[in-house]
Each structure stands twice: as structure tokens, then as C-alpha cells.
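Colleague: what's the 3D shape of this:
(chains A and B)
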Amino acid sequence: MAQEAAVPLEVTEKIRPRISPVRRALILSRQHPLGVMGLLFVGMLLVAGLFSELLAPYDPLANNHVTRAVGELTSSIGPDDKQIEVANFGAGANSVLDVDNEKMTVYYVVSQSGRTAVLEVLRGNAGTTKESHEAGTGLTSTRIDKLSGPSMTHPFGTDAVGQDVLSRTIFGARISLLIGFVAISIGVTIGTFFGVLSGYFGGVVDMLIQRIVDMILAFPAVVLLLAIIAVIGNEDSNVRQFLADSTPIPQGTFLGVPKFLDVFVVALGIGLAVSVATARIVRGAVLSLKENVYIEAARAMGASDARIMWKHIFPNVAALVVVLASVFLPIAILAEAAISFLGVGVPYPTPSWGADLTGPNRDDALEGYWWPVFFPGLALSLVVLGFNMLGDAFRDISDPRLRGGMGAGGGSGSGRGGGL
Amino acid sequence: MRQYIARLLLLIPMMLGVSFLTFAAFRIIPGDATHFICPYCPEDQRALLRHELGIDRSFFAQYWHWLKGLFTLDFGESYFTRLPVTTELERRLPVTLELMALTVVFSLVLGVPLGIISAIRANTPLDWLARFVGVLWLSVPSFYTATLAIVFGLLWFGWTPPQFGVGYVSPFEDPLTNLEEFFLPALILAFGSAGFIMRLTRSSMLEVMRNDYIRTAWAKGLRERSVVWRHAMKNALMPVLTVIGLEIGGLIGGAVIMESIFGLQGVGMYILTAVITRDILVVQTMALLFAAVYVLLNLLVDVGYAWLDPRIRYT
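Modeller: Numbering: from 1, shown residues only, chains lettered A, B, ... in the order given. Presented below is the predicted three-dimensional model:
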């Protein structure tokens, strides 16, 4: 004791110099490059989800069109000519041609020699008027830009209905983020409520809640989600009806998310699944918390059960709940993708990373058009990877003994969505 | 011993509870299987169909009827195929069990060595690489890997998994085709668990390597191989073995996804279609089985742990 006191104050100062938070962050980031990468990916998710409208080059649901030159007139024509002669003709029958302001439909190709063709056309289509056109006027044709590969105009290409894959991927971030946050808010709230109740009261209440939790946890995660969403997400399910009729949750497009109600129902389903796991963990924490002397003191002072739970138990599990929420967030995102992939999650036109990996997109991919499935899946993988790497870095920083690995206790958390 | 028997007895209320919960949840929502069997039927025809299937009976009568059947191992039949659930299970269980067994083997073969290498070469470039591979395995969703494998397998090598052509081939008839059918789905499903096992092996190995008896082994001048394999391994793999048991429960969910991608006609596909088409009897029977698997696995994990580590005694 005496020796310790004899150490001059300046020396201690020199041993542990003060470092500013910024410097500390810089040092940490140099020690954990993977954590920085994780932060980057998670940041990308946040930015893409929050500013989808600004970042997406196209409307994610729009059927994009492409206009290309298909030849030029070799002779002038008047408003009533039905046959036209075209040089360098690069389209076929039934194609719609744009000539100046007039649209004409090709009936059939009368004759074709080399690259010059004589066409029988229907004049003045789609509300346009028949006009005279000079020789040499260029002909263009507009069609849905479907399944075009990655290019400057569509960096991730387009899918079978001409939707821009990049825009869908960016809006997919918003749907993921939305589902993640809604599901976690619902799940953690319900789970904490029942967890605190179960742990605090013990006895019959605890028995009842924990047996129900046991029964629900017996289902493999994916099957549980399928069942919940089959039950509540059904077109005429009571839950869905209730949400549609009695709550202000919009059914149409809201916050740039088409079919908002259906997306919300999926989030609710995931939230219910999350709540079960949360209830189990929170209960465990409450069991040891309630043995504290200050709880006894509060009770001795005549505090009601409700007051003790709200004022003394809840604040002490709040930190745990926040950690749980951060662990469950990537799992919720992954769960949404998985059930949408299985065809019971987010309904079609709404962009979803999971749903875009399957259905017609997958059939197209098998024929060589791989981009509509490749990029959404890549985004999903990077986001989950980002969360995991970030989580690892946090664990390293808080417990340097387990560098890069994780303790047996915290194992089941990190990004494992039950065999997803 | 007594507590294990008590846990086994827990099976009965668990299975009943789970099946009843499932039944109740699927029964109280509006609409029923007839909407899927015959979407455009008029109401009177649908009522007839309901009577034929026995779903016009009261809530409890319907559940009781199914419960009585359990005593004679009659789980009822699917509303669609009209095939008894037992017949379907006989056909489908081998598929899922083989998939899961191979997955467990693959995840151990991939995860354990990588975890050990990573731990004994801690904080070297080899360790960093191993850790990155581990987190990659853990993160990339199996359905994405599987989709890419099928798509690029076809585009680059012109290879299609054989089950799309010939269906399930038993390993006793044609082991090679069988392996070709199961290799890829099991491998891809194993990545997730392998990443998890790798990390667990690594941290548990690091923990064990700090022990005094390991230092003693080094001090005796033993070679690294001997220290790692004969002294450290046994203790380091304890948590891994127990985690395997718990992972199997999660693998059932993964099997649903893998079977639907790879067109394997296993239990996973069965439950997936049953849930979507409201085939209540199938769903509640599967729920019953899941509950049994869940309780038994948890029990096995505890028994195994106590058996492997004599210090642990459950009282």
C-alpha cells in the first residue's frame, strides 16, 4: 500500500497517456481491418436503404425500354403510302417503328434483298398522325430492355421484364432494413415483456410461458417462420385483416416500398419468432437479477411488482436487450431473404434480395442470364458478412482473450439463422 | 439417471402441446385446404369435399380423431395426395437423413482442421486467411451459394444435379449417382455449420493451449504434433461435439431450403408444401416429430456432455 502511494503521479500519466476518441478509433481500426470492412458493408446497407430514391438510377419497378436504330428510308414517302423501302433494316414483322413523330407497325416484310427491305406498314399508330417523311430519315424501334447484360446504362443489367437490377438491389436494401428494424422492434419488445414477467414472477407464470417457448423453439427456425407467415400472412387471415382495417398501416406503396402491408406482415412474423428467443434469454438474466438486494429493498419499501419490474429490473436488462437486438438484426434480414426465397415472404413486384434469387430470375439464369440473381444475392451476402465481421471486431475489442474466435457462450448468436 | 427419465417423459406433453398448437393455429385461420384442392369450386361442392376430408367436424372432434390414430401409428393422410403420412415418411426420411448425416460429416471435416490450424498458428497470415474463410462460410447464405452452384455448374460445365433427371437413387443401388446427388447440397449446407464449428474449435483450442498441462507437455520436449493431437485435441473438441447436437436441429431448416433448390424429395419439401397448402394433418404430424427430435437432441447433448466430462453432473 505504502509503496503504491509513493509512485509519483507524473509517471502514471506517462504510462497511460490520454488519447482522443478519434485517435483511439484510428488505432482500433488499424488493429481490426476486418471490422472496418464490416462497418463499411453495414454502412453501405444503411446508406442504400435510407437514400434509395437518390441512389437508384431507375424506378425499381419500371419496365425499362431501349431505343435502337433499325434503318433509314431510301425514298421520301407521303402520308398515305403504305409501303416503305428501308435500307439497313434490322427489325422484323410486328415491330413498332418510330419515324420522326410518327409510329408505324410493320405488317409484313414484302421483299428483302441484302439489307434493303420493302415493308408493308400500318401508318399513324398509337395516337400519332400520318406525316410525310424525307428520304434518309432514320427509323428507330423501342422495345422493353429485357435481360440486357451489365453495361454503362444498366451497371447490373436488366431482368426479364426490363427492371434495372441495380435499382432493385438498392431498393432491396430498404426492404431488408425495414423488415429488420420492424421485426426487431416488435420481437424485442414482446420478448422482453414476457421474459421479464416470466423471470420475475416464477412459479406457474414462468412454467406456462417457458413451456410455450419450449414448444415454439422445437420448430426449426425456417419451418417456424413458414408456419407463422402461412397463418398470419394469408390473404384473408384475421391478423392481416385487422392490420388492414384497424391500423393506419398503408396497403399500397409507402416509403417507396410497394405492398407495404405484406412486407409489414412478414416483419411481424419474423418479429414473433425473434420474441420467443428473446423471452428465453431475458428470463435467464432476470432470474439472477431479482436475487439482488436492491430488489428486496424495493419490495420492503412497499413497491408494487409492476414498479419493481419497470424501474428496477427493466433498466438492468436494457443493455442486454440492445445487444440482443444487434445480434438478431442480421438474422432477421437473412430470415426475410430465406422465406422470400421459398416463395412465402415478400410478394413479387416488391424488390427483395431473397425473392429475386428465385422464380423466373433463376430460370433465366439457367439460360445464361445470370445477373438478375447474382447481384441481389451478392448484396445480401456482403451485408451478412459485414454484420458478422463487425460483431467479431466488437467482441475482440471487449474481450481480447478470444481474438477472432468467439466464446462458447456467445456462439449461437453471430449470424446463424438456424441453418440458413 | 432419474433426471434423464424425467426428461424423456417430458416428450409426451411436448409432442402433444406442439401438435395441438400447430393444429389450433392452422385451424382457426379462415380458409382451408379445399381452397387449394379446388380453387374455383362452388361452395356446395366444397362443403362435400370438406365432409369427405373430415374437416367439417368440430375443432376438438377433429383433433381427437387424429390423436386416437397415433396409438396405431396412423398419422392420417395428406388432403391432396390422399397418401398416408407414414407412407410418405418412409419414402422421404432416408433422403433427409442422408442429407443431414453427410452435412454433419462435411462440416466437421471442413471446420475442425481449419479451426485447429487457425488456433495453433494464431495471428499469422495463415490464421487470418482461415478466419476470413470461416466468417465467409458463416455469412454467405446457403440458398445463394446453391443457386450459384446450379447456375454456373450448368453454364460452365453443362452439369445438372442427377436428381432432376432420375429422382432419388438409393445409396445401396447406385452409390456413385447417390453421392453425385447429395454431394453438393450437403457440402453447401455444411458451409454454415463449418464456419461456426471452425470458430468454436479455434477459440476452444486457444483456451486449452493456455493450460498448465499443455505447458508441461511442451516442457517435456514433446513434438508439436503430439501436443496438439494427443493432449489438446480431446479437450478442445468437447464443446464442438455438443454443439453438433444442437446444430442438427437447425439443419432441418436448412434441409427445407436445400431440398427445394436441389429438387430432393425429402421431408423438408414435404413440410414446405404442407404448410403452404394448409395440409393440417401433415403439418401437425411433422410438428410432433420436430418436438421429439428437439427434446431427444437436447437430452443427448446433456448426456454426451456428462459422459465426456466427468466433472459435470446434473442434479
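Colleague: going forward, measure contacts and count neighbours with C-alpha atoms only.
Modeller: Fine.
Colleague: A:Asp392: helix or strand, and which one exactly?
Modeller: helix A:371-398 (DSSP states H and E).
Colleague: Could you tell me how many residues sit around the closest residue to A:Leu55 other than its chain neighbours?
Modeller: In space, and not counting its chain neighbours, A:Leu55 is closest to A:Ala48: 7.0 Å by Cα to Cα, 6 or more residues apart in numbering or on different chains. Other residues lying near A:Ala48 total 21 when counted by other Cα atoms under 10 Å in any protein chain shown.
Colleague: ok, now the one 3 residues further on?
Modeller: When neighbours are defined as other Cα under 10 Å, A:Phe51 has 14 of them.
Colleague: pLDDT value on it, please?
Modeller: Looking at A:Phe51, its pLDDT reads 90.
Colleague: again with A:Gly411
Modeller: Per-residue pLDDT puts A:Gly411 at 34.
Colleague: Please apply the same query to B:Leu99.
Modeller: Per-residue pLDDT puts B:Leu99 at 91.
Colleague: Okay, and it sits in which element?
Modeller: helix B:85-120.
Colleague: elements contacting that helix?
Modeller: Counting contacts by 3 or more Cα pairs under 8 Å, 6 or more residues apart in numbering or on different chains; DSSP states H and E, helix B:85-120 packs against helix B:125-139, helix B:175-209, helix B:238-262, helix B:267-276.
Colleague: so A:Asp262 touches A:Pro347, yeah?
Modeller: Yes: between A:Asp262 and A:Pro347 there is a contact under Cα atoms under 8 Å: 7.1 Å.
Colleague: The helix holding A:Asp392 near chain B at all?
Modeller: Yes: using Cα under 8 Å from any Cα of the partner chain, helix A:371-398 reaches chain B at A:Phe374, A:Gly377, A:Leu380, A:Ser381, A:Leu382, A:Val384, A:Leu385, A:Asn388, A:Met389.
Colleague: Now do that helix, average pLDDT.
Modeller: The pLDDT scores in helix A:371-398 average 89.
Colleague: do stretch B:275-291 as well
Modeller: 84.
Colleague: With chain A in mind, check whether that stretch reaches it.
Modeller: Yes: Stretch B:275-291 is in contact with chain A by Cα under 8 Å from any Cα, via B:Val275, B:Ile276, B:Ala287, B:Phe290, B:Ala291.
Colleague: how about CSV for the residues you listed, with neighbour count and distance to B:Glu98 added?
Modeller: Formatted as CSV, the residues of stretch B:275-291 next to chain A follow (neighbours: other Cα atoms under 10 Å in any protein chain shown; distance: Cα to Cα, whole Å):
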residue, neighbour count, distance to B:Glu98
B:Val275, 24, 23
B:Ile276, 19, 25
B:Ala287, 29, 20
B:Phe290, 23, 17
B:Ala291, 28, 20
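Colleague: re earlier: deepest of the helices and strands packed on helix B:85-120, which one?
Modeller: Mean neighbour count (mean count of other Cα atoms under 10 Å in any protein chain shown) peaks for helix B:175-209 among the helices and strands packed on helix B:85-120, with a mean of 24.
Colleague: Past that one, which element shows up next along the chain?
Modeller: Counting by DSSP H and E, what follows helix B:175-209 is helix B:212-219.
Colleague: got the CA positions of that next one in CSV?
Modeller: Taking C-alpha atoms only, helix B:212-219 is exported to CSV below (Å, rounded to 0.1, in the frame of the first residue of the first chain):
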residue,chain,number,x,y,z
ASP,B,212,-0.7,-25.7,-17.5
TYR,B,213,-0.7,-29.3,-18.6
ILE,B,214,0.0,-28.2,-22.2
ARG,B,215,2.9,-26.1,-21.0
THR,B,216,4.1,-29.2,-19.2
ALA,B,217,3.8,-31.2,-22.4
TRP,B,218,5.9,-28.6,-24.2
ALA,B,219,8.4,-28.6,-21.4
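Colleague: between that helix and helix B:175-209, how many degrees?
Modeller: Computed by axes from the mean of the first three to the mean of the last three Cα atoms, to 10 degrees, the angle separating helix B:212-219 from helix B:175-209 equals 90 degrees.
Colleague: before we move on, back to that, out of the helices and strands packed on helix B:85-120, point me to the one whose mean pLDDT is lowest.
Modeller: Averaging pLDDT over each of these puts helix B:238-262 lowest, since it has a mean of 83.
Colleague: coming back round to it: tell me what angle the helix holding A:Asp392 forms with helix B:125-139.
Modeller: Counting by the same axes, to 10 degrees, helix A:371-398 lies at 120 degrees to helix B:125-139.
Colleague: Now distance to A:Leu119 too, for the helices and strands packed on helix B:85-120, in JSON lines please.
Modeller: Formatted as JSON lines, these follow (distance: least, Cα to Cα, whole Å):
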{"stretch": "helix B:125-139", "distance to A:Leu119": "57"}
{"stretch": "helix B:175-209", "distance to A:Leu119": "54"}
{"stretch": "helix B:238-262", "distance to A:Leu119": "48"}
{"stretch": "helix B:267-276", "distance to A:Leu119": "52"}
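Colleague: More neighbours: which of A:Asp262 and A:Pro347?
Modeller: Neighbour count, other Cα under 10 Å: between A:Asp262 and A:Pro347, A:Asp262 has more, with 22 against 17.
Colleague: Enumerate the residues of the stretch 151-300 of chain B near chain A.
Modeller: Along the stretch 151-300 of chain B, the residues adjacent to chain A under the rule Cα under 8 Å from any Cα are B:151-152, B:154-155, B:189, B:192-193, B:196, B:199-200, B:202-204, B:206, B:239, B:247, B:249-254, B:256-257, B:260, B:271-272, B:275-276, B:287, B:290-291, B:294-295.
Colleague: picking that back up, okay but the residue nearest to A:Leu55 is in contact with A:Thr169, surely?
Modeller: No: using Cα under 8 Å, A:Ala48 is not in contact with A:Thr169; the gap is 9.0 Å.
Colleague: which one is residue 146 nearest to, not counting chain neighbours?
Modeller: I'll assume chain A. Spatially, and ignoring its direct neighbours in sequence, A:Lys146 is nearest to A:Gly162 (4.2 Å; Cα to Cα, 6+ apart).
Colleague: Sorry, I should have been clearer: chain B.
Modeller: B:Ile188 (6.5 Å).
Colleague: list the contacts for that neighbour?
Modeller: B:Ser142, B:Thr145, B:Ala146 (Cα atoms under 8 Å, 6 or more residues apart in numbering or on different chains).
Colleague: which of the residues you listed has the most neighbours?
Modeller: B:Ser142 (25 neighbours).
Colleague: so how far is chain A from that one?
Modeller: Per Cα to the nearest Cα, to the nearest Å, B:Ser142 is found 6 Å from chain A.
Colleague: Can you give me the distance of the residue of the stretch 101-250 of chain B found nearest chain A to B:Val293?
Modeller: Among the residues of the stretch 101-250 of chain B, B:Gly250 lies closest to chain A, at 4.3 Å counting by Cα to the nearest Cα. Applying Cα to Cα, to the nearest Å, the value for B:Gly250 to B:Val293 is 11 Å.
Colleague: what's the answer for B:Pro141, then?
Modeller: Distance, B:Pro141 to B:Val293, using Cα to Cα: 25 Å.
Colleague: of the contacts of B:Ile188, closest to A:Val323?
Modeller: Nearest to A:Val323 among those is B:Ser142, at 25.6 Å by Cα to Cα.
Colleague: Tell me who's in contact with that closest one.
Modeller: Applying Cα under 8 Å, 6+ apart to B:Ser142 gives the contacts A:Leu420, B:Ile188, B:Leu189, B:Phe191, B:Gly192, B:Gly254, B:Met258.
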